[in-house]
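**Student:** all I have is the shape, not the residue letters:
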């Protein structure tokens with residue numbers, strides 16, 4: 001059984017979460033809290049927190065950041081711009097209101113998978129990094145491991161994903177680099193590359209696992225070399 005705590009200052013939002021939780025057989029609601037302070041006594045019983053971000057007393061983000069040993073976290077909010085910050089506290093998912101039951105169920109499935117991995121590893125498994133992109137009115141979740149590279153197009157980014165057509169989204173390189181600094185590195189004024197997708201590197205170019213060849217810009221070569229990658 002997965003034990004959940006919901007935290008939201010909106011009664012209707014808490015009620016919706018309660019209804020959604022009741023529809024998933026192995027998900028149990030431990031406590032429904034109108035604010036972060038009310039959740040304290042129940043934290044030791046929880047496997048996952050469903051937390052709103054914008055709350056009047058303590059924000060959900062601040063609350064989670066200050067927990068010494070937090071459960072898994074799924075943020076629920078009306079503000080998609082907090083997604084990158086969510087990854088900095090290792091959020092499992094980020095649901096933008098109003099979200100459907102199917103979106104909620106997908107988040108629970110992800111929580112379940114992580115808990116199962118942790119159980120098999122006797123309490124030690126890293127959470128896979130995921131990056132959220134706003135595509136029109138929809139939120140798209142992409143594992144960072146699946147991203148080959150990201151291309152700048154002025155105010156937009158073209159996100160090249162293994163085995164899929166590229167996504168074109170509003171954004172900048174900083175959001176990508178901040179979301180997963182261990183994976184992504186800027187090699188050109190127009191490219192950020194996923195280091196884990198590099199198959200081969202030369203003096204002035206890299207070849208990715210799908211065969212794509214990207215130029216390493218002259219002004220980026222020194223930093224690339226100092227990062228223990230051989231251009």
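**Tutor:** Sure, I can see it. Please read all numbers here as calculations on a predicted model, not as lab measurements. Residues are numbered from 1 along each chain as shown.
**Student:** for the rest of this, base every contact and every neighbour count on C-alpha atoms.
**Tutor:** OK.
**Student:** with residue 46 as the reference, measure out to residue 111.
**Tutor:** Separation of residue 111 from residue 46 (Cα to Cα, to the nearest Å): 12 Å.
**Student:** buried residues in the lengthiest helix in the chain?
**Tutor:** What stands out as the longest helix in the chain, according to DSSP state H, is helix 101-120. For helix 101-120, a neighbour-count test (16 or more other Cα atoms under 10 Å) marks 104, 107, 108, 111, 112, 114, 115, 117 as buried.
**Student:** pull up the pairing partners for the next helix or strand after it, direction included.
**Tutor:** Where DSSP states H and E defines the elements, the next helix or strand beyond helix 101-120 is strand 130-135. Take DSSP bridges as the rule and strand 130-135 pairs in its sheet with strand 138-143 (antiparallel).
**Student:** quick one on the thing from earlier: from the buried residues of helix 101-120, which two are the most distant?
**Tutor:** Using Cα to Cα, the pair of those lying farthest apart is 104 and 117, separated by 20.2 Å.
**Student:** pick out the lowest-pLDDT one from the buried residues of helix 101-120.
**Tutor:** Within these, pLDDT reaches its minimum at residue 117, with 84.
**Student:** what strand or helix carries residue 94?
**Tutor:** Using DSSP H and E, residue 94 sits within strand 93-96.
**Student:** list the strands paired with that strand, with their directions.
**Tutor:** Paired neighbours of strand 93-96 in the sheet (DSSP bridges): strand 72-77 (parallel).
**Student:** show me what the partner strand is in contact with.
**Tutor:** 47-54, 60, 64, 86, 90-97, 107, 111 (Cα atoms under 8 Å, 6 or more residues apart in numbering).
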